[in-house]
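[1] Just a sequence and a predicted model for now, questions to come.
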Amino acid sequence: MPAGTDYLLAALEAEGIDHLFMVPGGLVDPFLPALGRFPAIRPIVAAQEGGAAYMADGYARASGRFGAALGIGGPGLGNMTTAMATALTDSSRVLVMSGEVAVAIEGLGQFQDASYETFNDPVLAAPVTRFSTSVDSIENLNHLFRRALMEMVGPPSGPVHLSLPRDTLVSDIAVAHTPIDPALTHFRGIDSAAADRALAALRGDSGGDGPALRVAILAGAGVEHDDASSALIALAERYSIPVATTLRAKGVMPEDHPLSLGVFGYAGTRHATAALLSTDLDLPMVLGSGLNERDTMHWSRRLAPRRGMLSVNLSAKALATETTPGLGVLGDAGAFLGVLAADANAKALDAGAAARKAWIEAIRAGPRFYDTENLSSEAVPLHPARIVGALRRALARDAILLVDSGAHRAFAGHYFDAYAPRTYISATNLGPMGWGIPAAVGVACARPGTRVALVTGDGCMQMHGIEIAVAARYRLPVLYVVLNNSALGNVWLRAHTLGPVPAELTTVPDHDWAGFARALGVSAETVREPGDIAPAIERALASDGPALIDFKTNRDAPTPVYDFADEARSWSYHE
């Protein structure tokens with residue numbers, strides 16, 4: 001009979017998982033020979049356990065499946081907590097497995113014991129996961145593993161954690177994992193009655209105003225999670241409905257489509273702001289957004305006009321506060337798009353198509369971006385917008401861009417167009433700095449043959465820069481674009497106006513990130529002149545392995561978040 005390790009690896013293989021991101025350690029030693037028996041699963045050894053969990057997160061976001069991470073309990077699981085929290089806030093499907101001492105010696109002082117009798121790893125992970133437990137008997141392994149997978153796929157989806165004592169890993173198990181039914185992994189339901197009630201605002205059933213003519217869709221990450229991008233595009237084209245996306249959902253509507261407004265909220269475009277905060281807008285329909293600060297232009301009251309704001313989400317929590325009473329719909333975004341195309345609603349949408357077409361054409365006649373001159377800036381130090389623009393021109397339409405956390409997020413979100421789901425990946429809710437560096441490894445593993453690039457900063461490199469060594473070890477074609485402004489960019493933009501001490505505290509030494517990368521086996525160069533930007537990117541993309549470009553950028557460049565900042569200044573917690 002197979003041991004617990006073999007059961008788990010066979011289960012991962014049965015679920016279509018072909019990579020395991022890990023850091024070896026004594027508490028997971030039984031996995032090492034077991035991995036030799038499962039050549040279909042490629043182990044990727046990270047520099048640190050947090051990096052392994054971030055890699056699993058990136059793998060999940062790029063593949064649409066789930067990612068798996070393995071490390072020791074105690075310090076290893078502690079290193080993974082921020083990664084689990086990041087996956088939780090973005091509803092990313094990640095399975096974290098941690099090794100533990102044998103049940104019989106829990107609490108006796110075994111080295112790195114973090115069981116129920118000491119630090120209690122399952123409780124440590126509970127607040128940052130959908131489900132966390134210890135598999136303290138081999139008899140429990142099959143049903144607890146299945147329970148973990150079902151909790152992970154949701155709804156709502158998110159990370160799960162299994163603590164695996166050594167005796168569970170080495171004991172024989174008589175049963176095999178049966179793959180989860182695909183029909184259960186992607187919920188497709190909707191509260192039809194609630195959807196019909198909410199769409200009365202579109203149809204004008206109450207009389208007086210008639211059908212809502214100027215409607216627009218704000219597509220959130222739920223559209224990507226629900227694989228509803230194609231349905232969204234088809235509906236928008238059929239009825240001439242303009243579509244904006246949240247920053248997290250960039251790409252679910254191709255941003256060069258005539259009906260695309262671009263991003264709304266943080267780093268949003270002028271087109272999206274003009275449409276969704278317009279007094280001409282009759283009804284915004286928000287699909288799959290958690291209605292958080294950045295998705296709603298800092299909870300702008302102007303986002304809910306006369307008829308209110310219709311919102312669809314699989315999470316009741318997301319509908320609890322900002323949705324107009326009577327216009328919240330619990331359900332899948334794709335299913336709602338089907339309801340929206342039903343006869344009575346289609347008639348109302350048809351009635352407003354001509355008005356919407358003229359409305360969107362008038363909005364799109366104006367400039368889409370702020371400060372477009374920065375895309376061709378000749379400034380030294382370099383302007384971040386010029387680098388982002390050059391990167392977009394160099395990458396293929398189906399290339400994948402990850403964006404880390406910092407001022408660079410605003411420049412990439414504003415100036416970089418995305419054309420398909422899962423091609424613009426960013427941890428936009430918790431936003432840990434450096435997440436993208438290991439996550440890019442997971443993305444490259446999930447999408448072999450697709451070019452992967454990351455926009456990150458020097459502050460992020462200080463936190464997780466060592467993980468570029470993993471890309472070098474496994475020859476993964478990741479382009480690391482480091483916008484090096486010798487500062488903690490966003491914080492510095494605020495702090496340097498407050499005096500010399502805040503400015504000094506948010507300044508970063510001018511490290512040689514190209515030299516650092518070369519020492520780890522990554523092809524790298526430093527760029528200081530505008531004319532060298534595009535050639536450097538082309539050289540990096542020609543590499544058959546990872547490459548890094550250290551761009552020396554201007555930390556004084558203001559981020560293009562003007563509308564968002566204005567709304568934040570005008571908003572009060574006491575309204």
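    Cool, got the structure. Residues are numbered from 1 along each chain as shown.

[2] contacts and neighbour counts: CA atoms only from here.
    OK.

[3] Report the buried residues of the helix or strand bottoming out on mean pLDDT in the chain.
    For the chain, using mean pLDDT, DSSP states H and E, the weakest element among its helices and strands is helix 182-185, scoring a mean of 79. Neighbour-count burial for helix 182-185, counted by 16 or more other C-alpha atoms under 10 Å, picks out T185.

[4] got it, and stretch 344-354?
    Of the residues in stretch 344-354, 345-346, 348-349, 351-353 count as buried by neighbour count, 16+ other C-alpha under 10 Å.

[5] For T559, give me its contacts.
    407, 410-411 (C-alpha atoms under 8 Å, 6 or more residues apart in numbering).

[6] hmm, 6 Å instead?
    Residues near T559 by C-alpha atoms under 6 Å, 6 or more residues apart in numbering: A410.

[7] ok, now A11?
    H177.

[8] Let me know the secondary structure of it.
    Secondary structure state of A11, per DSSP: H, G, I helix; E, B strand; the rest coil, is helix.

[9] Next, find the distance separating it from A304.
    Remark: distance between A11 and A304 (C-alpha to C-alpha, to the nearest Å) = 47 Å.

[10] about what we covered before: name the residues that touch the least confident helix or strand of the chain?
    Contact with helix 182-185 is made by V153, as judged by C-alpha under 6 Å, 6+ apart.

[11] swap in stretch 196-209?
    210-212, 326-327, 348.

[12] What are the buried residues along it?
    By 16+ other C-alpha under 10 Å, the buried positions in stretch 196-209 come out as 196, 198-204.

[13] Any chance of those residues in JSON lines with distance to R451 and secondary structure as columns?
    Shown next, in JSON lines, are these (distance: C-alpha to C-alpha, whole Å; DSSP: H, G, I helix; E, B strand; the rest coil):
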{"residue": "D196", "distance to R451": "43", "secondary structure": "helix"}
{"residue": "A198", "distance to R451": "42", "secondary structure": "helix"}
{"residue": "L199", "distance to R451": "42", "secondary structure": "coil"}
{"residue": "A200", "distance to R451": "45", "secondary structure": "helix"}
{"residue": "A201", "distance to R451": "44", "secondary structure": "helix"}
{"residue": "L202", "distance to R451": "42", "secondary structure": "helix"}
{"residue": "R203", "distance to R451": "45", "secondary structure": "helix"}
{"residue": "G204", "distance to R451": "48", "secondary structure": "coil"}
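
[14] which regions of the stretch 101-250 of the chain sit below the pLDDT cut-off?
    Flagging of the stretch 101-250 of the chain using pLDDT under 70 yields the residue ranges 206-208.

[15] and if we set it to 80?
    The model of the stretch 101-250 of the chain has pLDDT under 80 over residues 105-110, 112-113, 115-116, 183-188, 205-210.

[16] same deal with the stretch 351-500 of the chain?
    In the stretch 351-500 of the chain (pLDDT under 80), no residue qualifies.

[17] and A390, what does it touch?
    Listed by C-alpha under 6 Å, 6+ apart, the contact set of A390 reads A534.

[18] Now with 8 Å, please.
    By C-alpha under 8 Å, 6+ apart, A390 lies in contact with 533-534, 537.

[19] what does A194 give?
    326-330.

[20] Mind doing that once more with 6 Å?
    Contact partners of A194, counting by C-alpha under 6 Å, 6+ apart, are V329.

[21] which element is it on?
    In the assignment (DSSP states H and E), A194 maps to helix 192-198.

[22] try E538
    Taking DSSP H and E as the definition, E538 sits inside helix 533-541.

[23] Can you name the next helix or strand after the longest helix belonging to the chain?
    Secondary structure of the chain per DSSP state H: the longest helix is helix 343-364. Remark: after helix 343-364, the chain's next helix or strand is helix 384-394, criterion DSSP H and E.

[24] hey, C-alpha coordinates of that next one in CSV?
    The C-alpha coordinates for helix 384-394 follow below in CSV (Å, rounded to 0.1, in the frame of the first residue of the first chain):
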residue,chain,number,x,y,z
PRO,A,384,8.5,55.1,-15.3
ALA,A,385,5.8,55.7,-17.9
ARG,A,386,8.3,55.6,-20.7
ILE,A,387,9.5,52.2,-19.5
VAL,A,388,6.0,50.8,-19.1
GLY,A,389,5.1,52.0,-22.6
ALA,A,390,8.2,50.4,-24.2
LEU,A,391,7.5,47.2,-22.4
ARG,A,392,4.0,47.0,-23.7
ARG,A,393,5.2,47.6,-27.3
ALA,A,394,7.9,44.9,-26.9
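
[25] how does the chain divide up, domain by domain?
    4-185, 192-364, 372-559 (automatic domain parsing).

[26] now these in CSV, with distance to D566?
    Below are those laid out as CSV (distance: least, C-alpha to C-alpha, whole Å):
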stretch, distance to D566
domain 4-185, 26
domain 192-364, 9
domain 372-559, 13
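
[27] which stretch among the ones you listed comes nearest A565?
    Nearest of the domains of the chain to A565, taken as C-alpha to C-alpha: domain 192-364 at 8.4 Å.

[28] show me where the stretch 1-150 of the chain has strands.
    For the stretch 1-150 of the chain, strands defined by DSSP state E, counting those that start in this stretch occupy the ranges 19-22, 42-45, 67-72, 94-100, 131-134.

[29] Nothing else from me, thank you.
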